[in-house]
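Chemist: whatever this is, show me its structure:
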Amino acid sequence: MGLIRMLGNRVWLLLSCAMLCNSVAASTVALETRPWPTEQRCDSCVTIQFITMEFKLPLHMIGRVLDTGGDGLHILPPSEAPQQGVLLLAVPTAKLLGRYEQSGLLEGLDIKTNEQLFDALGAAPGSNKSLTVLRRIEGIDTASRYYKVSRDSVHAYWIQSPEPGGSQNIYVVINDDETVYLLSGDITQEFLDTVLSNLRVVELP
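Modeler: This is a model prediction of the structure:
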């Protein structure tokens, strides 16, 4: 089973649970904005391109980069321990906005783009049950922080896990690109800042 299919199954399992548990109090975690990290000079770096997302990582952060079979990349640290790696996945809009729309969860939220979706997730849901459910599905209710950084047409959203060593989820949204990129795993602030500081949107070779 591909990673995207596994991700889709997980999302809809959480959706079912969230609908059954809608009496739980909503989280107060709200979207924060931060400045885009300053561009870093990257000596002895490897350039990684995944679809239209290109970035550089220094060799001391990489042990191996594995192609997961078309669904994404698995970036392993020098120890090559899988549990310390970072998965880079491509999530088509049909897997995200499309399914949320079909389920009726976007009704009345005026959400047409991926950026609008992730911005909306950072607002207090109040009495809006759909927004409450969406925040639970994406893990914002159990996050310690939720923040956004933007530069030109690129926006990154970090749903920060409160658990030490817990898996982190960062969505990268590009204007006019239907694909959302998800980085998930043992992600540190240093790793994310390195990726974003030299991130470029490029054409497929």
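Chemist: doesn't P37 make contact with D193?
Modeler: Yes - the pair formed by D193 and P37 meets the contact definition of CB atoms under 8 Å, at 4.1 Å. Where C-beta positions appear, they are placed from N, C-alpha and C, glycine not excepted.
Chemist: between those two, who's got more neighbours?
Modeler: Taking neighbours as other CB atoms under 10 Å, D193 and P37 compare with P37 leading, 19 against 14.
Chemist: next one: phi and psi at the more buried one?
Modeler: Torsion angles at P37 (phi, psi; degrees, to the nearest 10) stand at phi -60, psi 140.
Chemist: for S103, same thing?
Modeler: Backbone torsions for S103, taken as degrees, to the nearest 10, come to phi -80, psi -10.
Chemist: quick check, pLDDT for it.
Modeler: Confidence at S103, expressed as pLDDT, is 92.
Chemist: and for D186?
Modeler: For D186, pLDDT reads 91.
Chemist: could you point out which element follows the least confident helix or strand in the chain by mean pLDDT?
Modeler: In the chain, no helix or strand scores lower on mean pLDDT, DSSP states H and E than helix 3-20, which sits at a mean of 45. As assigned by DSSP states H and E, the chain's next helix or strand after helix 3-20 is strand 31-34.
Chemist: show me what counts as buried in that next one.
Modeler: Of the residues in strand 31-34, L31 count as buried by neighbour count, 16 or more other CB atoms under 10 Å.
Chemist: name every strand pairing with that strand and say which way it goes.
Modeler: According to DSSP bridges, strand 31-34 forms sheet pairs with strand 145-151 (parallel).
Chemist: so Q84 makes contact with L76?
Modeler: Yes - at 7.5 Å, Q84 counts as touching L76 under the criterion of CB under 8 Å.
Chemist: please say which of those two ends up with more neighbours.
Modeler: L76 (19 against 14).
Chemist: over to the more buried one: give its phi and psi.
Modeler: L76 adopts backbone torsions of phi -100, psi 150, taken as degrees, to the nearest 10.
Chemist: what helix or strand is the residue at minimal distance from the centre of the chain on?
Modeler: For the chain, the residue nearest the mean C-alpha position is Y171 (2.2 Å; CA atoms, centre = their mean). For Y171, the host element (DSSP H and E) is strand 168-174.
Chemist: any buried residues in stretch 108-121, and which?
Modeler: Buried residues in stretch 108-121 (16+ other CB under 10 Å): 109, 111, 114-115, 117-121.
Chemist: done for today, thanks.
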